[in-house]
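# Generate a structure from the sequence data that follows.
(2 chains)
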Amino acid sequence: MLFNSFVFLFGFLPAALLLYFGLARFSGTRAANVALVAMSLVFYGYWAYPSVSGDGSTHRMLGYVWLLCASTTANFLVGRSLQARPRRWLLALAVTGNLAVLGYYKYAGFFVHTLDGVFHAGLPIPRVILPLAISFYTFTQIAFVVDAYRGLAAEMSFSRYALFVSFFPHLIAGPIVHHSEIMPQFARRDAKRWQFDNVSLALAWLSIGLFKKVAIADACAPLANVVFGKAGSVTVVEAWAGALAYTMQLYFDFSGYSDMAIGLSLLFNVRLPENFEAPYRAVNIVDFWRRWHMTLSRFLRDYLYIPLGGNRLGHFRRYFNLFATMAIGGLWHGAGWTFVIWGSYHGLLLIVCHLWKKTSWRLPVWSTRSLTFLTVLLGWVVFRASDLSEAGVLLGKMFDLSTFRLDHWKTGLQLEHLAGLLGLLVFVNVAPTTRQWIESRPLRIPDAIKMAFLFCVALFLIRNVELQFAKSEFIYFRF
Amino acid sequence: MAVSNPITATVETAAPRTAAGRRFVAAWCISVAFVALVIFPLATLFLINWFNEAGLRWIKEIRTRKFRMAEQIHSQDRILIAGGSSGLFGVDAELLEKRLRRPVVNLASHAGLGLRFLLEDARQAGRSGDTILLNIEYGLYASEPVLTDIERRYSWTYETSRLLQLPLTTLSQQLYGVPFADYVRSWDLWNRRFSGTLDKSDPPLWIEYPFVTLGPRGDYRGDIRLPAQIAEPHLEKAHDMTPTSRQLLEDFFSWAHRRGVHVIGTFPAVMRSSNGANTDRVFESIRSFYQEHHLTVLGDPHLVQMPRELFRDTPSHPTVAGRRLHTETLARLLAAQLQQPAPPEDQSVFLLLDPHSDLGLEDPSAAFRHCRYLTAEPLHHPYDITPAEVRELVQKGTPVYFDSPGVAEMLQPLGLQGVREHESTSTLADWIKSYPNHYFLLSVSGGARVPVLSAELPASFAKFLADDAPDRVAILGTGSFSRTHKTQSGIGFVRVKQSARPRWSHAAPVDYSASAWPKTEDHPDLRPLLVEKQPMADGTAEGDLAVCVVDPDLGIVVRRGTFHHEQHLDSELRRVTAQ
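Below you'll find the predicted structure:
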């Protein structure tokens, strides 16, 4: 189920809280943890996905609960074994196994389609449903077995491990959590008590996150969709507006989801790592990746870039490692050449940035911020496009000044939309981050009223979706 | 590669802050509850209470008129036709009245209002002794508990009390289920109201079906532009009756039983599916529902499913010919149901051909009970007849009549012709005598002086006709309206805007306008006589007099036409003979 749904907010969540804290009080910590795992599996299994037959029907993700359970159990057993006796072959087997499962479900179709495109062999394209969140829980568990091999994973309680993997606030779209920062929190006794301080923070995170998602991201989506859908016929203004709309949609969608995840986990007295730190204020592309999807960056650094050699093997190898890491990071987002190109593009940008740093040339901060934002925005065009040709067409339109005009737009674009997008651009550049806003000072009653207002606005907009007056979907679920 | 440091946060319990946290949580919860339970419903009520929509005003206008028509009949044996627009367009109350010799009022309005609303209308108008003919559209037998889109908007705009009478669960569904588009539209309307660009009392008009063209018994008598295509009705996909529909109808049957109102169901006329889909199940489930409640539903499924040629703009809106054919069958079934003696046998056949929209009680064609729709190609329906079949009938000696000029053109290639058997004309003086308490809209455009031959004309009419100006218009009243005396000589217009009358609550003003601009290339759409901005008659021919008669009490146009050489051709009847 979606966080921004009534069934979640007023059904699942209260039930999960009651069960968790009730069992923690009357039956002990283990029972509460097991109950929360069970609830998380219900949350996972409740998810609906479209049928591969393309007939418009949907199925629940229930059929893939077994995959999540099997993956969790297998990785736990391997991790415990590696902790007892580190064996390289077992680690390799575990990592390969995880990647094989991910590869089959996520990349088999892409791989066969690419081969078929090259050799024209008429290969049948496998029609595999991508199990929800498989990228997230696979990466999380690879980190665990690697750390178990390194002797860095101390936790060996299966209930806590299962909860670490399946904990519903982060299960679907992250943040990509590290066992060392989460599993100890499940072990703490005071975490099983209802704590109003955490609940107040949680409500604030949840309210802001929900508002970002349903009031801002969903408002940007229609313009982005129509511009990308009509890429061939848009004007230069529409092309830029569509690209900007998607840039804002993606940020508010994902950061809103992350804020909600942080808020929801705080209700259970668990602190998830943050995923965003005002990314569109980055002064260069290195800075951008410090601020955007921070937990993915951390994972890629610790479990890909550094194992590849990091910056220890000379300049050329460093740049190669950067490029490879980002290209693979791009592929992690989705099985498609647009993602590979997008990742590679960012790899190149990182290389250029590092090379630039070696020179003595420096630009004013406003220009570096603008330039960084512009390069990121261009990257999002490739990221969003359904294929490379669409990306190429839209990028071409963005620089085709012959189509410039300020009226008679065919996409329904209005000057108000442009004003709104520019307002958002200013907002992301000057407004405090969610954490700064919530946790830099004590929360008081006026803050509660403001948060409640944001929450109610969000509820109103959720109502529109539930009653099918509007549409909504989290972008990062598909990754 | 540069990334952030791992976040190793833990959540400490901070005892001194607990009270602040508790206050925050309490304030948040109370605020959310207050907004959701108080502010939101109130804001919705305040913001969304009026929809400036032409369609809603149209519903209000026709309902107001129909209730007035029903009120004016004091007889104890009225027949009221209830339902949506398939009844408005598809049942001829005047003809039924003529056949059954009982007053009949067509209360049918708009199926979009939903079953609950339409049945409530029937309750509102029904009195002990009445017979209510339920001409319920097939889709309404599958109603859901929530209000329909149109019902909801209409209730918000004109009859908020209906909302308050809803069950609490349904009411809350309405309050919390208002579509987002309604908020946007209402916001825009409020902006326009505050900026002074919108007058609340003046929503636009729905020009597709002018409400002033209702007949005196509530039938729709206006013309409709016929589209090339009509969407398939897909009756075969109609669901079984829903619990909501059952409950609403059962409640209505109970009410009728208590009040001594007789209820009869009928199958509305509907366009036949072009793909031959099997619709038997739909009719059977409706029939068995009525039978369960010891009630009758009239109509033969194979007859009510009529061909496309007999429909106007939707699968539920029969043409005038379709209405006549459907009503004749309904009249026979009703007469049998009401145990009335059968009329004397008459084998004469009357041929129908659209357009034909002036059927009145005095029209001689109304005497024919056996009608057929003349069509060049067979439509494979009992209602149609081809010219070849007409020839066979004539050869067998069956009298066949028609009054539409198009019929003669279709029969001529087969060696058939129409011989005039009857013709009736009238003068302006006759009309004034027939309509003694009415408004007359008169116009002479681009013509010469109209000779005043009749000495019976009231002075105001005679003076207007005697005017020398080639172009002139007038709005003149008869009876209690005779003080209305607005004329204009030469090019110009006159206008009377009648305010709502106290005894006719909720009535909107009626706006009459007569203009004397000859139709030119610059003003091709300018018509001389308008009621509520609807063009009613156009008398631009040299010396012709265009006349439109309005019943100010009902707010409808009761007659309109053009007088040529002081004569109006009321009707003519031709008999088909071999050449």
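# shaky segments in chain A?
Within chain A, the stretches with pLDDT under 70 are A:48-63, A:155, A:468-479.
# buried stuff in the longest helix belonging to it?
In chain A, taking DSSP state H as the definition, the longest helix is helix A:236-267. For helix A:236-267, burial by neighbour count (16 or more other C-beta atoms under 10 Å in any protein chain shown) applies to A:236-267. All C-beta atoms are positioned from the backbone trio N, CA, C, and that covers glycine.
# does chain B sit close to the helix or strand that it is followed by?
Counting by DSSP states H and E, the next helix or strand C-terminal to helix A:236-267 is helix A:285-291. Yes - counting by C-beta under 8 Å from any C-beta of the partner chain, chain B has neighbours in helix A:285-291: A:286-287, A:289-291.
# Give the burial count for A:Ser180, as a bare number.
Using other C-beta atoms under 10 Å in any protein chain shown, A:Ser180 has 16 other residues around it.
# does it really touch A:Leu152, like I thought?
Yes - assessed by C-beta atoms under 8 Å, A:Ser180 is found in contact with A:Leu152 at 7.0 Å.
# what ranges do the helices span in the stretch 51-200 of chain A?
Ranges of helices within the stretch 51-200 of chain A are A:65-84, A:88-102, A:108-119, A:134-150, A:158-166, A:168-171, A:179-187, A:196-211, based on DSSP state H, counting those that start in this stretch.
# now these in JSON lines, with distance to chain B?
Listed next are the helices of the stretch 51-200 of chain A as JSON lines, based on distance: least, C-beta to the nearest C-beta, whole Å:
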{"stretch": "helix A:65-84", "distance to chain B": "19"}
{"stretch": "helix A:88-102", "distance to chain B": "20"}
{"stretch": "helix A:108-119", "distance to chain B": "25"}
{"stretch": "helix A:134-150", "distance to chain B": "11"}
{"stretch": "helix A:158-166", "distance to chain B": "15"}
{"stretch": "helix A:168-171", "distance to chain B": "13"}
{"stretch": "helix A:179-187", "distance to chain B": "5"}
{"stretch": "helix A:196-211", "distance to chain B": "4"}
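# can I get those in JSON lines with distance to A:Gly329?
Formatted as JSON lines, those follow (distance: least, C-beta to C-beta, whole Å):
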{"stretch": "helix A:65-84", "distance to A:Gly329": "21"}
{"stretch": "helix A:88-102", "distance to A:Gly329": "14"}
{"stretch": "helix A:108-119", "distance to A:Gly329": "16"}
{"stretch": "helix A:134-150", "distance to A:Gly329": "11"}
{"stretch": "helix A:158-166", "distance to A:Gly329": "21"}
{"stretch": "helix A:168-171", "distance to A:Gly329": "19"}
{"stretch": "helix A:179-187", "distance to A:Gly329": "21"}
{"stretch": "helix A:196-211", "distance to A:Gly329": "24"}
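# who wins for proximity to B:Asp280 among those helices?
Distances from B:Asp280 to each of those were compared using C-beta to C-beta; the minimum, 45.9 Å, belongs to helix A:65-84.
# Show me what the closest one packs onto, helices and strands only.
helix A:29-45, helix A:88-102, helix A:134-150, helix A:158-166 (3 or more C-beta pairs under 8 Å, 6 or more residues apart in numbering or on different chains; DSSP states H and E).
# possible to save those helices as JSON lines with mean neighbour count?
Listed next are these as JSON lines, based on neighbours: other C-beta atoms under 10 Å in any protein chain shown:
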{"stretch": "helix A:29-45", "mean neighbour count": "20"}
{"stretch": "helix A:88-102", "mean neighbour count": "15"}
{"stretch": "helix A:134-150", "mean neighbour count": "23"}
{"stretch": "helix A:158-166", "mean neighbour count": "23"}
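# export the ones you listed to CSV and tack on distance to B:Arg391?
What follows is the helices and strands packed on helix A:65-84, written out as CSV (distance: least, C-beta to C-beta, whole Å):
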stretch, distance to B:Arg391
helix A:29-45, 74
helix A:88-102, 81
helix A:134-150, 78
helix A:158-166, 84
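# Can you tell me which of the ones you listed is nearest to B:Phe461?
The nearest among the helices and strands packed on helix A:65-84, by C-beta to C-beta, is helix A:29-45 at 82.2 Å.
# distance between the closest one and the chain's centre?
22 Å (C-alpha atoms, centre = their mean, to the nearest Å).
# counting contacts, what elements does that helix pack onto?
Other helices and strands packing on helix A:29-45, by 3+ C-beta pairs under 8 Å, 6+ apart, are helix A:13-26, helix A:65-84, helix A:158-166, helix A:168-171.
# repeat that for 10 Å
Counting contacts by 3 or more C-beta pairs under 10 Å, 6 or more residues apart in numbering or on different chains; DSSP states H and E, helix A:29-45 is packed against helix A:13-26, helix A:65-84, helix A:158-166, helix A:168-171, helix A:179-187.
# deepest of those, which one?
Of all the helices and strands packed on helix A:29-45, helix A:168-171 has the most neighbours on average by mean count of other C-beta atoms under 10 Å in any protein chain shown, namely a mean of 26.
# Closest to B:Asp223 out of the residues of helix A:285-291 next to chain B?
Nearest to B:Asp223 among those is A:Arg291, at 67.8 Å by C-beta to C-beta.
# where along the stretch 401-550 of chain B do the strands fall?
For the stretch 401-550 of chain B, the strands defined by DSSP state E, counting those that start in this stretch cover B:416-426, B:439-444, B:472-477, B:485-489, B:493-498, B:510-515, B:529-531, B:534-537, B:545-551.
# These: which one's closest to A:Ala143?
strand B:534-537 (75.4 Å).
# contacting residues around that closest one?
For strand B:534-537, contacts defined as C-beta atoms under 10 Å, 6 or more residues apart in numbering or on different chains pick out B:205, B:207, B:209-213, B:222, B:441-443, B:511-514, B:525-531, B:544-550, B:557, B:559-562.
# Tell me how far that strand lies from the chain's centre.
That offset, for strand B:534-537, works out to 17 Å (C-alpha atoms, centre = their mean).
# separation between the closest residue to B:His564 other than its chain neighbours and B:Asp468?
Setting aside the residues directly before and after it, B:His564 is nearest to B:Asp544 in space (C-beta to C-beta, 6 or more residues apart in numbering or on different chains), at 5.5 Å. According to C-beta to C-beta, to the nearest Å, B:Asp544 stands 17 Å off from B:Asp468.
# Comparing these two, which residue is more hemmed in?
Between B:Asp544 and B:Asp468, counted using other C-beta under 10 Å, B:Asp544 has the larger neighbour count: 20 against 8.
# my guess is that one contacts B:Leu442, does it?
No - using C-beta atoms under 10 Å, B:Asp544 is not in contact with B:Leu442, being 11.2 Å away.
# Surely A:Val37 touches A:Thr72?
Yes - in this structure, A:Val37 is within contact of A:Thr72 by C-beta under 10 Å, at 8.9 Å.
# Mind listing the shared neighbours of the two?
A:158, A:161-166.
# joint contacts of A:Ser180 and A:Leu152?
Contact criterion C-beta under 10 Å, 6+ apart; residues shared by A:Ser180 and A:Leu152: A:143-144.
# Could you pull up the residues touching B:Leu545?
B:428, B:442-445, B:447, B:450, B:464-465, B:537, B:539, B:561-566, B:568.
# who in the stretch 351-479 of chain A is up against chain B?
With C-beta under 10 Å from any C-beta of the partner chain as the criterion, the stretch 351-479 of chain A meets chain B at residues A:353-354, A:442-453, A:455-457, A:459-461, A:463-470.
# Which of the residues you listed are buried, as a PyMOL select command?
Per 16+ other C-beta under 10 Å, the buried members of these correspond to this PyMOL selection:
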select buried, chain A and resi 353+354+443+447+448+449+450+451+452+453+455+456+457+459+460+461+463+464+465+466+469+470
